[in-house]
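K.L.:
Kindly return the folded structure for what I paste below:
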Amino acid sequence: MKNNLTWYQDMRKGVHFIILLLILFSSCIDKDVYQGEEETDNGDGNGNSTEYVRYLYPYGAEAQDVVAEITIETNGGISWEDVEVEIPFLKYNKSWLFMLTQDDFSHSSYSTTWAAINGRPLSNDYFYNAEQLAAGDLPPHASYLGKTLGSTDGAGKEVRFHFTATVAPEMNWMDAEVSVNKGFSDNNYRFQMMRGLTWNNLSEMLAYGTGIAFHDVNTKDADNAASILQHYEISQQILLEKLSGRGCKTLAEPNGNKAYVRAALDYAPLQIMTAQNDGGGEFELESLYPFKVNSDLHKGLLQRYFYDSPFDIVPRIEAQLRKDKVEREAVHFGVHRTGITFAQFLLWLNNRYGKDGDDSVWFPSLEEYYEYNYYRVNATIEKEVNGNTVTLRVSLPSEQYFYYPSITINLPGVKEEQIKSVTSGNEVTGLSYANYNDGLMLNIDCRKFLAEHALYFVEKYESSRSQADKNDALYFTNMLKEAPEKFQLLERIK
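P.N.:
Model (predicted):
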């Protein structure tokens with residue numbers, strides 16, 4: 001590993017690396033055409049108007065307190081009474097946990113972090129927005145990583161990396177208008193960094209699985225927990241209105257200011273928090289060891305780390321991976337602005353530990369991890385045996401602002417070769433299974449509108465015929481369980 005670390009450090013040495021990257025990955029830009037629910041008009045820089053349509057999943061109507069039923073028929077030889085059904089500590093039976101929170105509402109969380117993960121263009125000097133991406137109006141010398149970044153579900157399906165973006169609902173700049181002027185090249189002012197994420201950028205990120213967290217609020221007294229508490233509620237109401245019922249249950253503490261933590265402890269909707277120092281010892285930060293967690297982490301304050309360069313975190317990753325998995329601490333990375341070097345780090349993570357490497361990492365947002373762990377601790381599973389058939393009834397109790405009713409179930413002693421069929425009730429929208437160690441791994445997804453979500457991306461691809469949109473259409477359609485609805489969508493993508 002020592003030689004690898006030297007290589008990482010060399011890659012950081014500035015101009016030569018960036019020039020080489022732009023040469024290697026520069027390519028033509030695909031045109032995207034979006035469809036969705038909410039419409040916004042944006043100027044094109046010449047006094048004209050171009051229509052941009054913002055897509056929003058119906059978060060406020062997501063399934064809650066799901067009871068999922070799965071029936072497994074085998075060819076015999078299994079003593080189902082002896083099979084102890086279990087939910088593993090990490091989804092998809094991954095062996096280590098990586099999380100990323102991006103602070104300060106950074107514009108780069110869309111045009112770099114989200115873009116790198118989802119195979120969109122990158123720029124080291126400029127920034128773009130959802131409206132510009134949709135119109136193919138992009139900065140000069142855009143580059144690409146050449147792939148999407150993620151892991152798999154252990155059964156052959158792609159699962160892209162999901163990070164946490166901080167939001168500032170009270171700030172007027174989230175409503176900022178974007179200039180769209182494809183082909184104009186006299187200057188690049190429209191690609192300058194904006195104050196922060198816009199609602200359109202954030203909506204698109206959420207559609208791909210990005211999580212959200214509160215950070216700074218718009219108070220004149222940032223040391224007053226009572227004032228911060230009031231602004232949490234104001235921000236929450238704005239979010240619910242702007243994002244189709246999507247609320248926030250996560251806090252990424254800003255600037256080591258523990259007044260935000262004190263306020264969060266008194267604000268019921270905020271259920272999980274992360275911070276980077278102990279602020280003089282007022283609160284004890286929890287080092288997260290995923291394979292030792294025996295609580296639902298409610299109101300937990302989890303440790304995260306900041307580094308000068310993303311590749312500085314590599315030794316921390318490798319130190320954890322030298323340990324037995326039970327002893328591994330989660331690697332939780334905090335960042336502010338991101339650029340090409342950070343995109344290269346994400347590519348390295350994909351190639352080393354993701355779907356193009358050993359496929360060992362689970363990289364969810366903080367709220368997604370929190371929900372999964374909550375289900376693991378609080379779910380109940382009933383087993384009904386009838387000859388060679390077993391029916392599992394899985395109860396997933398929800399809390400406020402839960403949006404990820406999805407878990408992995410292990411069935412020790414059962415092998416895929418013994419399975420004749422796996423079927424489920426209508427509450428299960430996504431399903432996959434495969435052998436894992438000495439048993440069977442079963443992944444279920446109970447998001448209520450998963451099929452409609454996939455349909456949106458299929459229709460988007462049918463409008464644009466771009467390769468990036470085709471990749472997305474296949475990605476979201478493949479999340480669905482095997483059913484006529486899925487097969488019809490796959491036919492449309494061909």
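
K.L.:
Give the buried residues for the lengthiest helix in the chain.
P.N.:
Identified as the longest helix of the chain according to DSSP state H is helix 225-242. Under the neighbour-count criterion of 16 or more other C-beta atoms under 10 Å, helix 225-242 has 225, 227, 228, 229, 231, 232, 235, 236, 238, 239, 240, 242 buried. Heads up, the C-betas are built off the backbone N, CA and C, glycines and all.

K.L.:
In JSON lines: these, plus distance to residue 423 and pLDDT.
P.N.:
As requested, the buried residues of helix 225-242 are exported to JSON lines (distance: C-beta to C-beta, whole Å; pLDDT from 0 to 100):
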{"residue": "225", "distance to residue 423": "51", "pLDDT": "98"}
{"residue": "227", "distance to residue 423": "54", "pLDDT": "98"}
{"residue": "228", "distance to residue 423": "49", "pLDDT": "98"}
{"residue": "229", "distance to residue 423": "48", "pLDDT": "98"}
{"residue": "231", "distance to residue 423": "48", "pLDDT": "98"}
{"residue": "232", "distance to residue 423": "44", "pLDDT": "98"}
{"residue": "235", "distance to residue 423": "43", "pLDDT": "98"}
{"residue": "236", "distance to residue 423": "39", "pLDDT": "98"}
{"residue": "238", "distance to residue 423": "42", "pLDDT": "98"}
{"residue": "239", "distance to residue 423": "38", "pLDDT": "98"}
{"residue": "240", "distance to residue 423": "36", "pLDDT": "98"}
{"residue": "242", "distance to residue 423": "39", "pLDDT": "98"}
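
K.L.:
Let me know the closest of the residues you listed to residue 269.
P.N.:
Nearest to residue 269 out of these is residue 236 (C-beta to C-beta; 6.2 Å).

K.L.:
if I look at residue 107, how far off is residue 142?
P.N.:
Separation of residue 107 from residue 142 (C-beta to C-beta, to the nearest Å): 16 Å.

K.L.:
Of these two, which one has the most company?
P.N.:
Applying other C-beta atoms under 10 Å to residue 107 and residue 142 shows that residue 107 carries more neighbours, namely 22 against 19.

K.L.:
All the helices of the stretch 101-250 of the chain, in order from the start?
P.N.:
Ranges of helices within the stretch 101-250 of the chain are 108, 115-117, 130-135, 199-207, 225-242, based on DSSP state H, counting those that start in this stretch.

K.L.:
one step back: quick one: which of the buried residues of helix 225-242 is nearest to residue 436?
P.N.:
Nearest to residue 436 among those, with distances taken as C-beta to C-beta, is residue 239, at 37.5 Å.

K.L.:
Please name the nearest non-neighbouring residue to that closest one.
P.N.:
Residue nearest to residue 239 in three dimensions, not counting chain neighbours: residue 169, with 5.0 Å by C-beta to C-beta, 6 or more residues apart in numbering.

K.L.:
Please apply the same query to residue 166.
P.N.:
residue 215 (3.7 Å).

K.L.:
Let me see the ranges of the helices in the stretch 251-400 of the chain.
P.N.:
Using DSSP H, counting those that start in this stretch, helices in the stretch 251-400 of the chain cover 259-265, 314-321, 340-353, 366-378.

K.L.:
list the contacts for the most centrally placed residue in the chain?
P.N.:
Centroid check for the chain by C-alpha atoms, centre = their mean gives residue 162 as the closest residue, at 2.1 Å. Shown in contact with residue 162 (C-beta atoms under 8 Å, 6 or more residues apart in numbering): 208, 209, 210, 211, 363, 364, 365, 368.

K.L.:
Please report how far it lies from residue 235.
P.N.:
Distance from residue 162 to residue 235, counting by C-beta to C-beta: 22 Å.

K.L.:
Same check on residue 116?
P.N.:
The gap separating residue 116 from residue 235 is 28 Å, by C-beta to C-beta.

K.L.:
residue ranges with poor pLDDT in the stretch 301-450 of the chain?
P.N.:
Residue ranges of the stretch 301-450 of the chain with pLDDT under 70: none are present.
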